[in-house]
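Engineer: predicted model and sequence follow; I will ask about them next.
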Amino acid sequence: MEDPHLKCLAKSLFTTVLNSKAPSTTKKYMYAFNRWRKWAQSLNNIDVFPVKPVHLALYLQHLGDSKQSRAAVEEASYAIAWIHQMAGLPSPSSNPLVLTTLSGLRRSLAQPVVRKEPITPDMLEAMVRACGANPTLADVRFLAVCLLGFAAFLRYEELSNLKCSDVLFFADHMEIKIRSSKTDQLRQGDRVYVACSSKVTCPVTMLKRYMDMGGLSSSSGILFRPLAKGGWNPLGSLSQILEFTALDQEVLLLQLKLEYQTDYSRGMVVGPQIAPRMAMLRTQSLLSWELHKD
């Protein structure tokens, strides 16, 4: 292609085609295809591209035997299909042999589903009450994240991208602007409405309290930000707020043992605030897993 204008268009076309998938998906597919490339180049009489159906079926069997991962097998099939689609070639992943191989590996590599314990309103209420009548800014911030994410069904990415200007408060509800989300591939945006309630777990009340305490009502920056000594940490992220490790759990359990008497005869910790504190501990662990699993 000698014409400079056509060369420029070809470069733009390549970028446009890559944008047909999310950046994370493109990165994952390119990694999977490069893994196929290395395997094919290590053997004789196998063409890297275009991929022959019988070679793809053998490669999927190799992944099933070596990785023992259903996800790795499916990712390889989807990635190779995507590469051929971009090149305008028929996909070997649609071949009956490949489809049958993929189906068999899915069955043989299937793992039992381990369902995580869901967060319940009772757990959230116990967590709010555990913070007492005068919670710190850090406590109110964490409670606002939990209650808002629970009430509005927001993902981690949606919560972390919220800005102060995205929240509007009204007499009986609040309006939240979601700029982009996993289900909004074209980034058209959306608005979520959360009603007020008379309970201690009202997300509207807690979020307003957080913004008032943090002086964020007139700010245009990120809504949920970590604290630093002497003020907000402008370089932090929401993940720093929500991280809850096994070490944190051990420290809190130790604090509980020191704060309250232990009834060794019955083998249990006693004290009026133990149950709420433990509910908060469990909720933090569950929420941290839910928000970082993707």
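Structural biologist: Received the coordinates, thanks.
Engineer: can you list the residue ranges for helices in the stretch 101-250 of the chain?
Structural biologist: 121-130, 137-152, 156-160, 203-214, 238-242, 246-259 (DSSP state H, counting those that start in this stretch).
Engineer: rank those by pLDDT, which is bottom?
Structural biologist: Mean pLDDT is lowest for helix 246-259 among the helices of the stretch 101-250 of the chain, at a mean of 44.
Engineer: care to break this structure down by domain?
Structural biologist: Annotated domains of the chain cover 15-108, 121-292 [automatic domain parsing].
Engineer: of all the ones you listed, which one is nearest residue 115?
Structural biologist: domain 121-292 (12.1 Å; CB to CB). Just so you know, the C-beta spots here come from the backbone N, C-alpha and C atoms, and that holds for glycine as well.
Engineer: need the pLDDT of residue 186.
Structural biologist: 55.
Engineer: again, but for residue 17
Structural biologist: As predicted, residue 17 sits at a pLDDT of 78.
Engineer: cool, residue 114 as well?
Structural biologist: The predicted local confidence for residue 114 is 75.
Engineer: ramachandran coordinates for it?
Structural biologist: Here the main-chain torsion angles of residue 114 (degrees, to the nearest 10) amount to phi -100, psi 100.
Engineer: that one: neighbour count?
Structural biologist: 5 (other CB atoms under 10 Å).
Engineer: and what of the one 3 residues further on?
Structural biologist: By the criterion of other CB under 10 Å, residue 117 has 10 neighbours.
Engineer: and it, how close does it get to residue 123?
Structural biologist: Taking CB to CB, to the nearest Å as the measure, residue 117 falls 9 Å from residue 123.
Engineer: ranges for the strands of the protein?
Structural biologist: 167-169, 173-178, 190-195, 227-228, 231-232, 262-263, 268-269 (DSSP state E).
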